[in-house]
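Engineer: Sequence below, structure please.
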Amino acid sequence: MNGFVDQVVIHVSSGHGGAGSVSFRREKYIPKGGPDGGDGGKGGNVLFEVRRNLKTLTHLRNLAHYMAQNGLPGSGRQRHGSDGNDVIIPVPPGTLIKDRETDEVLLDLLEEGTYRFLEGGIGGKGNTHFATSRNQAPRFSQEGMEGHERDLRVELQLIADIGFVGLPNAGKSSLLQSLTAANPKVAAYPFTTKIPNLGVASIHNTEFILADIPGIIEGASQGAGLGLRFLKHIARTKALGFVIDVSEEADPEAVFEQLKSELSQYDPELLEKPRIILLNKIDLPEAREKAKEIMKNGFKGEKVLGFSAFARIHLPEVLQGFFELLDPNSQPATFGFAVPEWITKASNEPD
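Structural biologist: Take a look at the predicted model:
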């Protein structure tokens, strides 16, 4: 998977509390010193830390157990045992922490920060705490409380503003490459994209994240092809771009219905997201005529744009379309305004 890991199984445990001490003062001229046993230290916690510089769960793949340190026992002269060190598990934004057996979501980690998951055990009290008028020399103390442990499934669901969906070789990776600094592998064979790719695009001083999701085939919602492995990443996107290759013989409307069907079977709410249809490869004459016909006749009330990732045609319009999807209240802007120069230079449609 080229280093991309979006699901791991781990075992985590917080530390046990340290035992309290049974101790008595032994000082010169004080032959019957009282109890002076110190308390045990607290066990370390299990923490998850969301870091934006992380993009996958690859770093968790080689370690199956994450254990916080136990608290140390107390000692004489009322010395408190040291608290155990926390174990900190770094994860990228969009990580779900689930119970391994029930699949219950325990944490949904979206924002940067540190999140406490399991509390360490409290340290036991030393015998100093148990002295009374009737028992001035208690010979017992408390054991520390045990920590907690869980078997977890850690899953990553990418967070993006626009998610590209389409059949294999529709041009999603090429579009991402054209609009951003991302460099996904692009070639003319099925399932070129085997991992989701992210890139950052900008227009009108606004940045947004684009995600290229591996190609969807018939039966993907039941696990065919790359199937459920990557459909889950679409759930985090704010809007969808349906990329359709109009140079193919397949009817674009039939392709669109197939894509919608697979998304609906996986999660009907995906079809409630704002969306735009992007007709690719209009640099080819036959494809351009087909795209013009589709846009002229309308496409079931959908917003449609034609473009070519290869020839860099209408890329500013695509960016503007994304901008308006994410901000429906925005005023339509003149294409080319505030669009990066390296896009506009090669964005004129051929005669």
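
Engineer: Just the helices from this structure, written as ranges.
Structural biologist: Assigned by DSSP state H, the helices in the chain fall at 172-179, 228-231, 252-266, 285-297, 315-326, 341-344.

Engineer: can you give me the end-to-end distance of stretch 87-104?
Structural biologist: For stretch 87-104, the first-to-last residue distance is 22 Å (CA to CA, to the nearest Å).

Engineer: What is the neighbour count of residue 9?
Structural biologist: Residues near residue 9, counting by other CB atoms under 10 Å, number 13. Every C-beta, even on glycine, is put in place using the N, C-alpha and C of the backbone.

Engineer: Check it and give its pLDDT.
Structural biologist: Looking at residue 9, its pLDDT is 96.

Engineer: Over to the one 5 residues further on?
Structural biologist: According to the model's per-residue confidence, residue 14 sits at a pLDDT of 98.

Engineer: neighbours of it, just the number please.
Structural biologist: 30.

Engineer: Now for it: which residues touch it?
Structural biologist: The contact partners of residue 14, by CB atoms under 8 Å, 6 or more residues apart in numbering, come to 43-46, 68, 87, 118-121, 147-149.

Engineer: Which members of the residues you listed are classed as buried?
Structural biologist: If you count burial by 16 or more other CB atoms under 10 Å, the buried members of these come out as 43-46, 68, 87, 118-121, 147-148.

Engineer: Considering those residues, which is situated nearest to residue 204?
Structural biologist: residue 46 (43.2 Å; CB to CB).

Engineer: residues contacting the closest residue to the closest one other than its chain neighbours?
Structural biologist: In this structure, residue 46 finds its nearest non-sequential neighbour in residue 118, 3.9 Å apart by CB to CB, 6 or more residues apart in numbering. Counting by CB under 8 Å, 6+ apart, residue 118 makes contact with 12-14, 45-46, 68, 147-150.

Engineer: now residue 105
Structural biologist: Contacts for residue 105 were tallied using CB under 8 Å, 6+ apart; they are 96-98.

Engineer: So which of those residues sit within strands?
Structural biologist: Mapping the contacts of residue 105 onto strands (DSSP state E) picks out 96-98.
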